[in-house]
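**Student:** Give me a 3D structure for the following:
(one chain, ligands or ions: 2)
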Amino acid sequence: MTNCCDHDHTQKPTPPKDSCCASDAAPACCDSGSALISQISEPGAAHAGPALESSTLRIEQMCCPTEEGLIRGKLQQLREVHAMQFNLLNRTLHVEHQAGTATLIVKAIASLGMQAQPLAAETRVRIEQMDCPTEERLITDKLARQPGIEALQFNLMQRVLTIRHSPDALEPALQAIRELGFTPQLEGDGSQPVAPEPTEKGLPWQLIAAGVAAFVAELVHFTDSAPEWVVALIALGAILTCGLDVYKKGWIALKNFNLNINALMSIAVTGAVLIGQWPEAAMVMVLFAIAERIEAKSLDRARNAIRGLMALTPEQATVRQPDGSWQAREVTQVAIGSVVRLRPGERIGLDGLVTEGNSTVDQSPITGESLPVEKSVGDTLFAGTINQSGALEYQVSAAASNSALSRIIKAVEEAQGARAPTQRFVDRFARIYTPLVFLLSLAVAVVPPLLMNGDWFQWVYRALVLLVVACPCALVISTPVSIVSGLAAAARKGILVKGGVHLENGRHITHLALDKTGTLTHGKPVQTDYKALGGDADSYRKLAASLAARSDHPVSLAVANAAQEQGIAIEDVQNFEALPGRGVRGVIDGQRYQLGNHRLLEELGLCTPEIEAELDELERGGKTVILLSDERRALALFAVADTLKDSSREAIVTLHGMGIKTLMLTGDNQHTAQAIATQVGIDEARGDLLPADKLATVEKLLAQKGVVAMVGDGINDAPALARANVGFAMAAIGTDTAIETADVAIMDDDLRKIPAFIRLSQQTAAILKQNIVLALGIKAVFLGLTVSGHATMWMAVFADVGVSLLVVFNGLRLLRK
Ligand SMILES: Nc1ncnc2c1ncn2[C@@H]1O[C@H](COP(=O)(O)OP(=O)(O)OP(=O)(O)O)[C@@H](O)[C@H]1O
Ligand SMILES: [Cu+]
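**Tutor:** Residues are numbered from 1 along each chain as shown. Ligands and ions are numbered 1, 2, ... in the order given. Have a look, this model is predicted:
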């Protein structure tokens, strides 16, 4: 049988080749700065009760922001739509909406003359009773036979099952889950923080009473102070007090031909009763119940490590009322656009833009970087961070459920659901292991008495002990606990890892390709040289500034800023166009001008040897040069220089120490690229690359059997990032594109987080290995002890519990890394 959970759930989006925004011949609407993915959310609907569903629609005709605007406007009018996320690169739209309203949305889009094809609906179902891997197996088997179910993704940590299904397959699936004795609940808005419910498994008094009863039964039996039927009665009381639930679950599993721990325990305890071992049966059941409880408790700790971040946002914010007074409001009730006041030292409740005041903010809860960041009018604030010295006022830019922090938490929780390779291995192993041990114990019970004249009682007893040993719980739980702890530890450092796979792959990285602008450098170049190539220097400067002011490319920004500082007024530009990888062009006063790099000048056929010599000298100094030209000749040149981040050098040294080869990929020219590469100590520099060339370079490295990671800013590097084995996005905080497209999002712009991530990946791998060896080793020892008759049943339960706890605590160690 093919199990739908064996798929790799972390497939990267591969952008279609003909996408208009990724190709070099991009239309004017697709300047390099325009985000390919954007998100909105309706403030009011964020905490409304009804169950939500999310659908991914593919809209072929949607390839430019204009169509996005159209659809956005239309869907915003629908009350059923809660949030939408456009991905122009893949031409998909991800909508969160009220359950069952997908067709309504498709119709609304059709009314705009566009066809929306539902890829699949995704529903998050919370199943409180699902907290052991064995239950997951039960559900997988049952649902795999249902039509219309495309994929299942279990997150045992959150007890959430995400079902990808065709629109009408949800109800039958829920019904099937109910038949297994579970109560599925449709999850509301997944981004809303839900207080984790405490795990209650049989009230403690029941456990205590059962424990006392089991102990008394053992005592009475041992001292022979009452007839055997009294012992049996007390033991039965103990078994029923704490074991009914186990029997119920065990029965459901058996009915579905599944041997989970509950089924094994039920058989073992029943078997012990049948051969008259009453006190032992009671003891085993009590120990098992206690073990389950402890294990659930420690799993809660891992489960809450992420939610703990959520606790960072205060519940209230001080909001300005229409009459100008200030009042404390629940953050979930604050609408986008409201103005909020912050006292010094106060935690920030919502994302927003500063409208008044100056202060510093401790952003470490999100970025892991404790150095305070200066904030003044126009700067972005993030929910969960801490205002320090001054008072601030800010305008709310996102609903509480859609803040950067909420999205980070949501992404990490989703990452937990995706199976890491080790976990897939362990799951497959457990699937063979349990039936195998079950068969072995059958053989142990039957073969020696029949063929070797063994004692029936003795061998049946040994077989029952084996059944207890057969429980794979410790093995199965060890992996997710370690991975989740690793993900949480990373999140605390400001590294958002989008799946256990990446955490496992990180340590294998052999090559790291780095983007230059904004990754190695600050991405804020400053104009250093200006030279008119004959003619009117002042008017050329004005023309260049007018063109540059229209672009948000860092090189243009540098030229525009320099002009502004010198008080140069800018002129109107018609037919403005961005030429990706080259520059910009437009018409001023009826004359066409271009402002761009050497490549552009060559393509226009306006380059001369004199210009080339000029360029050569500036570029060797690590400067980037762009030229202003009209239809006939180059008019002026502008050189800008970017500064290296202090952290870049250190990060590269550490990476080299780890044996990783570094390679710089940039759209800038080869000379500048080489100059900067030498400054930071990078192995190799490749310049003059168009976005498609970056992708090709990554592919070439992949073909050479390297494990290639790429780090970039996630906008024009998106295709290369997606193609690399591990794609890192820098400075991801606040940009949806980066969080969406990257495998690993670095919240601030500190390159040293990459070696930190690799180290964490190594530590996680070590702990995974230890756990598997521990779990299997102790089982093997017990297998031997049992068959040779040295182990009792309660010792087996004890060992089983012991290993489970051991691997869980070993996994939780990662939280402290
Ligand atoms: N809008 C623009 N304004 C001015 N120059 C531009 C513009 N777009 C591209 N250029 C020129 O083309 C070169 C390549 O641009 P591209 O955006 O591909 O890479 P980059 O951002 O400079 O570098 P990196 O690839 O490291 O991010 C730039 O260095 C710049 O000289
Ligand atoms: Cu040239």
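
**Student:** only C-alpha atoms for contact and neighbour calcs from this point on.
**Tutor:** OK.

**Student:** Give me the pLDDT for residue 709.
**Tutor:** pLDDT, residue 709: 94.

**Student:** That one - how many residues pack around it?
**Tutor:** The tally of other residues near residue 709 (other CA atoms under 10 Å) stands at 28.

**Student:** which residue is nearest the middle of the chain?
**Tutor:** Geometric centre of the chain, nearest residue: residue 498, 2.7 Å, by CA atoms, centre = their mean.

**Student:** which ones are touching it?
**Tutor:** 411, 412, 414, 415, 742, 743, 744, 745 (CA atoms under 8 Å, 6 or more residues apart in numbering).

**Student:** same question, residue 268
**Tutor:** Residue 268 touches 281, 464, 465, 467, 468, counting by CA under 8 Å, 6+ apart.

**Student:** Checking residue 378 next. Helix, strand or coil?
**Tutor:** coil (DSSP: H, G, I helix; E, B strand; the rest coil).

**Student:** quick one: which helix or strand includes the nearest residue to it once chain neighbours are set aside?
**Tutor:** Computed as CA to CA, 6 or more residues apart in numbering, the closest residue to residue 378 that is not its neighbour in sequence is residue 354, at 5.2 Å. Under the criterion of DSSP states H and E, residue 354 resides in strand 352-356.

**Student:** Beyond that strand, next helix or strand please.
**Tutor:** strand 359-362.

**Student:** who does the helix or strand following that next one touch, helix- and strand-wise?
**Tutor:** Next helix or strand after strand 359-362 toward the C-terminus (DSSP H and E): helix 364-367. Judged by 3 or more CA pairs under 8 Å, 6 or more residues apart in numbering; DSSP states H and E, helix 364-367 is in contact with helix 473-492.

**Student:** the strands in the stretch 551-700 of the chain, which residues?
**Tutor:** 574-579, 583-588, 591-596, 624-629, 634-641, 661-665, 684-686 (DSSP state E, counting those that start in this stretch).

**Student:** Point out the most buried one among these.
**Tutor:** Highest mean neighbour count among those (mean count of other CA atoms under 10 Å): strand 624-629, with a mean of 26.

**Student:** Mind listing the strands whichever strand in the chain runs longest pairs with, and their directions?
**Tutor:** Determined from DSSP state E, the single longest strand within the chain is strand 116-127. Here strand 116-127 has these sheet partners by DSSP bridges: strand 52-59 (antiparallel), strand 160-165 (antiparallel), strand 184-186 (antiparallel).

**Student:** Please dump those into CSV; it should also carry mean neighbour count, mean pLDDT and distance to residue 444 for every row.
**Tutor:** Formatted as CSV, these follow (neighbours: other CA atoms under 10 Å; pLDDT from 0 to 100; distance: least, CA to CA, whole Å):
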stretch, mean neighbour count, mean pLDDT, distance to residue 444
strand 52-59, 22, 80, 51
strand 160-165, 22, 82, 38
strand 184-186, 18, 83, 40
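
**Student:** Turn those into JSON lines, columns for distance to ligand 1.
**Tutor:** Below are those laid out as JSON lines (distance: least, CA to the nearest ligand atom, whole Å):
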{"stretch": "strand 52-59", "distance to ligand 1": "28"}
{"stretch": "strand 160-165", "distance to ligand 1": "37"}
{"stretch": "strand 184-186", "distance to ligand 1": "43"}
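
**Student:** and stretch 248-267, which residues are buried?
**Tutor:** 249-253, 258-267 (16 or more other CA atoms under 10 Å).

**Student:** wait, stretch 599-612
**Tutor:** 599, 600, 601, 604, 606, 607, 611.

**Student:** what's around the spatially closest residue to residue 62 that is not a sequence neighbour, how many residues?
**Tutor:** Of all residues not flanking residue 62 in the chain, residue 91 sits nearest, at 5.8 Å (CA to CA, 6+ apart). Residue 91 sits with 21 neighbouring residues when counted by other CA under 10 Å.

**Student:** which residues touch residue 91?
**Tutor:** 58, 59, 60, 61, 62, 63.

**Student:** ok, the residues you listed vs residue 761, which is closest?
**Tutor:** Of all the contacts of residue 91, residue 761 sits closest to residue 58, with 35.1 Å by CA to CA.

**Student:** Pull the number of nearby residues for the residue nearest to that closest one when sequence neighbours are not counted.
**Tutor:** Among residues not flanking residue 58 along the chain, residue 92 sits closest, at 4.4 Å (CA to CA, 6+ apart). As a burial measure, residue 92 scores 22 neighbours (other CA under 10 Å).

**Student:** and what of the one 4 residues further on?
**Tutor:** Other residues near residue 96 come to 23 when the count uses other CA under 10 Å.
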